[in-house]
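In: Dropping a prediction and its sequence here:
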Amino acid sequence: MEYYSNQISQLIEAFSSLPGIGTKSAQRLAFHVINMPKEQVDLLAKTIVDARNHVQYCAQCCTLTDRELCPICKNPDRDQSTIMVVETPRDLAAYEKTGKYEGVYHVLHGAISPMLGVGPGDIRLKELMERLQGDVSEVIIATNSSLEGETTAMYLSKLIKPAGIKVSRIASGVPVGGDLEYIDEVTLLRALEGRTEL
Ligand code: ZN
């Protein structure tokens, strides 16, 4: 990309390091930014930096939030004794969109994958086990139906069941290998309602 100035090349490179952005899109974004009014660019840059600086893990469920506790954990109307375990904050958002789940969540930030070298210590499992010391009546495992998601579900069930807590798995109406966030709300709801005890 020698035909662009160094600054433009750097901007294109920065954009193309983002997920799902190829060289063409990166070029389009870079030129768009350069043609934007200066104040708008300042605001965009500030928003990115602020979000990165202030967003943290919820002290209870480990989802991303800008407070110590996320709005769901803080909500007194939510059933704190039912915990749905998901892989990512996006999965949490997908279930929240159904508007029908009244419990709380736990976000693992990943799934166990021996092939990729991701072990139980690499996801937010310790935090979940600590929560189970409290008053918990059911853990609903809503990890993806991928190999990693299933491996994680099996592992969790073996770990939690001896504690005498009910463990259930969402129904497999969810397509195999399908990311939860791409599945429509009706299917998600059906998967939740049709959950089976492990
Ligand atoms: Zn939370």
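Out: Cool, the structure landed.
In: Quick one: list the elements packing against the biggest strand by length in the chain.
Out: Counting residues, the longest strand in the chain under DSSP state E turns out to be strand 79-86. Where contact means 3 or more C-beta pairs under 8 Å, 6 or more residues apart in numbering; DSSP states H and E, strand 79-86 is packed against helix 89-98, strand 103-107, helix 125-131, strand 138-141. In short, each C-beta sits where N, CA and C put it, glycine included.
In: Can you pull out the residues in contact with the second one?
Out: Just to be clear, that refers to strand 103-107. Residues from elsewhere that reach strand 103-107 (C-beta atoms under 8 Å, 6 or more residues apart in numbering): 58, 60-63, 72-73, 78-89, 91-92, 95, 124, 127-128, 131, 138, 140.
In: Doesn't Asp77 lie inside a strand?
Out: No: the assignment for Asp77 is coil, going by DSSP: H, G, I helix; E, B strand; the rest coil, so no strand is present there.
In: Give me the nearest residue to it, chain neighbours excluded.
Out: Glu102 (7.6 Å; C-beta to C-beta, 6 or more residues apart in numbering).
In: any idea how far Tyr57 is from that neighbour?
Out: Applying C-beta to C-beta, to the nearest Å, the value for Glu102 to Tyr57 is 23 Å.
In: To what extent is Val85 buried, counted in neighbours?
Out: 24 (other C-beta atoms under 10 Å).
In: Val136 is in contact with that one, correct?
Out: No: under the criterion of C-beta atoms under 8 Å, Val85 is not in contact with Val136, lying 11.3 Å apart.
In: Strands along the chain, start to end?
Out: Using DSSP E, strands in the chain cover 56-57, 64-65, 79-86, 103-107, 138-141, 166-169, 196-197.
In: For Ile48, which of those is the nearest?
Out: Among these, the nearest to Ile48 by C-beta to C-beta is strand 64-65 (14.6 Å).
In: Mind listing residues that contact that closest one?
Out: 55-58, 70-71, 89.
In: Quick check: end-to-end length of stretch 109-129?
Out: 15 Å (C-alpha to C-alpha, to the nearest Å).
In: now check that stretch, is it near the ion?
Out: No: if you take C-beta under 5 Å from the ion as the test, stretch 109-129 misses the ion, and the best it gets is 10.5 Å.
In: Now render the helices and strands packed on strand 79-86 as JSON lines, adding mean neighbour count and distance to Ile12.
Out: Compiled in JSON lines, the helices and strands packed on strand 79-86 are given as follows (neighbours: other C-beta atoms under 10 Å; distance: least, C-beta to C-beta, whole Å):
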{"stretch": "helix 89-98", "mean neighbour count": "19", "distance to Ile12": "27"}
{"stretch": "strand 103-107", "mean neighbour count": "24", "distance to Ile12": "33"}
{"stretch": "helix 125-131", "mean neighbour count": "16", "distance to Ile12": "39"}
{"stretch": "strand 138-141", "mean neighbour count": "22", "distance to Ile12": "42"}
